[in-house]
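Chemist: Predicted coordinates and the sequence they were generated for:
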Amino acid sequence: MAYTVRLTQGGSTLVDFADGTNFAFVDYECDALPKRGKWAQDELLTDILGASADATRQNWITLKRALLNAEENLQAWERGAGYTPIFFEFKGEGVTNALQSEAWGVDEIERMNWVDTLILNNLLPEIPLALKRRPYFEESALTTLVNGSTVSNNLAAISIAAGNTRGDLPFPIYLECNPGASSNDLLVAALKVQNTPSNFIAKFEADDGTFTGYTFTRGTGGAQLADANLSNSAGTRVTFPNTSEEMRGRWKITSNLDAFKGYFHAYLRARDNAGTPTAMWRARPELVNGSTVVAYGDWGAPKRKVGAVGGTTTLPLIDLGILNLNLATDHVCIAVHGSTTNTGATGDFDELILVPANEVLVPHAGSRGFGAATFPVVMAAGTRGVIDANDRLPNGYMVDGSGNVLFKRSAFAGAPLFGKPGVDQILYVFTAVAANGNHTHGVNNTITAKARFRYSAARGS
């Protein structure tokens, strides 16, 4: 029979229940609907074999050692310590993909002392094991969702097609970034899953162009600015006539509003033309009737300075905080307000960027579809940034070009990303400088994303 039933660790087989020499597989009953909290409990029946009575007993000892180590791993996981997982790997006859579930030992009531057991014909028959394991299976082979793709650092949209995802549970995404921009120590990633991701708009231009799905209106002191270094080669220049805060630009979204329901992290690509940063910006959602604002949403964050002066291809990206766009069904506006401490100064803004911040996937309520990792050293080919939803490693860390872990992230905001099986989804990624919010546009990042698809029961196709 072509099936696989074994315990593995670090790519090596510890116990092969179907090898026919040391063990013989008898029966396996999967706990398809685990009700034991953090683990499932399967029933496994095996014969223990050997060329001699001593060899048979040694095989039993080998099995017990593996299960003891698996239980120690559970204790390590509970206290957040590092360890090398032991997997129960299973592949039924005729099934395409081998599945694995992290083994955490056996249930206490099923333990038996076999030291004095009578071994007949070098056989310990039908040994019952109540195997504790993670409450899901995952494919033992990694699937590459994105493989070394070169994408723009101006919030690249990476499509993941429904046909390229499997399983029936949200799956953890491993995202690795080799940046094209120097000095970048911040990696931001987000996943758009809900409400037809293809209808979502992530970047909103601030110029006189005609746009699909939204319109742009300038506020006080704003004028068209032609600049080849800006997105769309144009933007808005604001001349501040006084120090007061006023609306400087408003984007009105009128199409596919379901795609914008929820919370979004807003960034403004802008620069200050004064000797020192003087312009201050913040944003909020609004409902507008003609030119009259009839309802206001909450400010995403307090006033933020640009953080750097001038710039051509390198422009600061200002974090305006999280906006709740659940305001209305016919339209929603996002308004950016600006003020200055230096009357007569000018400031430019190029585009507004929206990043999904709350794409919650049940049952992984901790996955908000948005993660930002700050690293202790800048990212480069030999120090790549990683955001990883697999909880056997930190949620953010750095690897070398061969994938060896180097450093843990120094800070993390949001949560790692979980994909949703069987639906189209879009992954957004960009890098930046954590210290002052600078963001280099026009430079490409190399992105690799991988996943092990998860199943609630032992299937595999």
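Modeler: Good, I have the coordinates.
Chemist: Roughly how far does K261 sit from Y428?
Modeler: 17 Å (Cβ to Cβ, to the nearest Å). In short, each C-beta sits where N, CA and C put it, glycine included.
Chemist: neighbour count winner among the two?
Modeler: It is Y428, of K261 and Y428, that has more neighbours when counted by other Cβ atoms under 10 Å, with 23 against 16.
Chemist: ok so that one is a helix residue?
Modeler: No: going by DSSP: H, G, I helix; E, B strand; the rest coil, the assignment for Y428 is strand, not a helix.
Chemist: so who does it touch?
Modeler: Shown here is Y428, whose contacts under the criterion Cβ atoms under 8 Å, 6 or more residues apart in numbering are L155, A156, A157, I158, A189, A190, L191, K192, A202, V355, P356.
Chemist: again, only using 6 Å
Modeler: Y428 makes contact with L155, A190, according to Cβ atoms under 6 Å, 6 or more residues apart in numbering.
Chemist: Read off the pLDDT value for it.
Modeler: Residue-level confidence at Y428 comes out at 95, pLDDT.
Chemist: So what would you say the end-to-end distance of stretch 247-262 is?
Modeler: Distance between the two ends of stretch 247-262: 23 Å, counting by Cα to Cα, to the nearest Å.
Chemist: Distance from that stretch to the middle of the chain?
Modeler: For stretch 247-262, the distance from its own C-alpha centre to the chain's C-alpha centre is 25 Å (Cα atoms, centre = their mean, to the nearest Å).
Chemist: before we move on, what about stretch 9-26?
Modeler: On the basis of Cα atoms, centre = their mean, stretch 9-26 is displaced by 34 Å from the centre of the chain it belongs to.
Chemist: Any regions of the stretch 201-350 of the chain where pLDDT drops low?
Modeler: Where the stretch 201-350 of the chain drops to pLDDT under 70, the residues are 308, 310-314.
Chemist: for the stretch 151-300 of the chain, what spans make up the strands?
Modeler: Along the stretch 151-300 of the chain, counting by DSSP state E, counting those that start in this stretch, strands occupy 156-160, 171-178, 186-192, 203-205, 214-218, 222-226, 234-239, 246-253, 263-272, 279-289, 292-296.
Chemist: Direction included, what does the first one pair up with?
Modeler: Right, the one you point to is strand 156-160. According to DSSP bridges, the neighbouring strands of strand 156-160, each with its direction, are strand 425-432 (antiparallel).
Chemist: by how many degrees do the partner strand and strand 263-272 diverge?
Modeler: 30 degrees (axes from the mean of the first three to the mean of the last three Cα atoms, to 10 degrees).
Chemist: Restricting to C-alpha, output strand 425-432 in CSV.
Modeler: Below are the C-alpha coordinates for strand 425-432, written out as CSV (Å, rounded to 0.1, in the frame of the first residue of the first chain):
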residue,chain,number,x,y,z
GLN,A,425,-6.5,37.9,-2.6
ILE,A,426,-4.0,40.7,-3.0
LEU,A,427,-0.7,41.1,-1.1
TYR,A,428,0.7,44.6,-0.6
VAL,A,429,4.3,45.2,0.4
PHE,A,430,6.6,48.2,0.8
THR,A,431,9.8,49.1,2.7
ALA,A,432,10.7,52.4,4.4
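Chemist: angle of it against strand 186-192?
Modeler: Between strand 425-432 and strand 186-192, the angle formed by their directions is 160 degrees, by the same axes, to 10 degrees.
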